[in-house]
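Enquirer: sequence first, then the predicted structure:
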Amino acid sequence: MKNITEEWQLIVKKIEQNTKQPFVINNIDSVSGGCINSAFILQSENSSYFIKLNQAKFLPMFEAEFAGLKELRKTKTIRIPQPIVCGISADKTFLVLENTPLTSSSKQSDTQLGQKLAALHQIRQPFFGWHIDNTIGSTPQPNPRSENWVSFWQTHRLGFQLCLAETNGYGGRLIQSGKKLSEVLHFFFSDYHPSPSLLHGDLWSGNAAVTATDGQPVIYDPACYYGDREADIAMTELFGGFGSGFYTAYSTIYPLDSGYSIRKKLYNLYHILNHLNLFGEGYLYQAQSLIDSLLSEIK
């Protein structure tokens, strides 16, 4: 392929250095990469790679995603795209992944996904958080080590997003009621004490698919940390959800606590507040409704 820009030439060089294989671009296809990154498929005669691009300042975001993919892959519980390399080329940061042709889910793949996620959630470490901070979308997500899940969620999830919301101009009742909720957070954990499970962290239907070659479920675009597994399950219900077979298969292997039906509102509040901070006041009513619903549970 002629007229390859210097930016792509540098990326190809990094691919070759990390794979120890020559790579000659035959084609560059622009594909959907979500609302944050640009995405492309680089094709040679015998291989292809999935590339994410963004501004150079987002290198730490790609480095954290790279680390998250490695963390998930080493569990050998569920299919995860192999990360190849990330870095800076010209004025852009890039992340190179194996290119895995994908297709839509089926009843069988939903069942397999539930089983495999249950296995992933049984991967533990002694503390909540992770060894590095990352992002949820493009929002910073702090993951400091913590022995106490309630205080971790209070400070580094709910509190962090409420502070962002206040900075972004969403003061008044949202912040007042949000702070009130934060003060009584312990109520939702009076008889429930989660263990630090490895989480995908951003698990909705847009970050899961099925491999076209062998029909295996695959998850990607993680925001990893170790926390309450209910947080992952809650998000799967937030934007459309997965098939019923997913939830049946998961619960058969790793049953959920009876209080999940209430706590899932708390966990999804984090993501709705994040959407409010990222995309604007279209999410304000939903965030306030979740807070009000949670406060109504306090006896």
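Expert: On my side now, so go ahead.
Enquirer: pretty sure V150 is touching L185, no?
Expert: Yes - under the criterion of Cβ atoms under 8 Å, V150 makes contact with L185 at 5.5 Å. Yep, even glycine has a C-beta here, placed from its N, CA and C like the rest.
Enquirer: mind listing the helices for this structure?
Expert: 6-19, 59-73, 107-120, 149-153, 159-167, 173-183, 229-236, 244-253, 260-279, 284-295 (DSSP state H).
Enquirer: reformat the ones you listed as TSV; add mean neighbour count, mean pLDDT and distance to N207.
Expert: What follows is the helices of the chain, written out as TSV (neighbours: other Cβ atoms under 10 Å; pLDDT from 0 to 100; distance: least, Cβ to Cβ, whole Å):
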stretch	mean neighbour count	mean pLDDT	distance to N207
helix 6-19	16	93	24
helix 59-73	20	98	11
helix 107-120	21	96	12
helix 149-153	21	98	21
helix 159-167	18	98	19
helix 173-183	16	97	26
helix 229-236	23	98	9
helix 244-253	17	97	14
helix 260-279	20	98	12
helix 284-295	18	98	20
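Enquirer: tell me which of those lies nearest to V85.
Expert: Among these, the nearest to V85 by Cβ to Cβ is helix 6-19 (4.4 Å).
Enquirer: endpoint to endpoint, stretch 131-148 covers what distance?
Expert: Stretch 131-148 has an end-to-end distance of 16 Å (Cα to Cα, to the nearest Å).
Enquirer: contacting residues around that stretch?
Expert: Residues outside stretch 131-148 that contact it (Cβ atoms under 8 Å, 6 or more residues apart in numbering) are 36, 58, 61, 64-65, 67-68, 127-130, 152, 156, 160-161, 164, 201-202, 223-225, 271, 274, 277-278.
Enquirer: stretch 270-289 now?
Expert: Contacts of stretch 270-289 (Cβ under 8 Å, 6+ apart): 136-139, 153, 157-158, 161-162, 164-165, 168, 170, 173-174, 177-178, 231, 235, 238, 269, 290.
Enquirer: where does pLDDT dip in the stretch 1-150 of the chain?
Expert: For the stretch 1-150 of the chain, the stretches with pLDDT under 70 are 1-3, 33-34.
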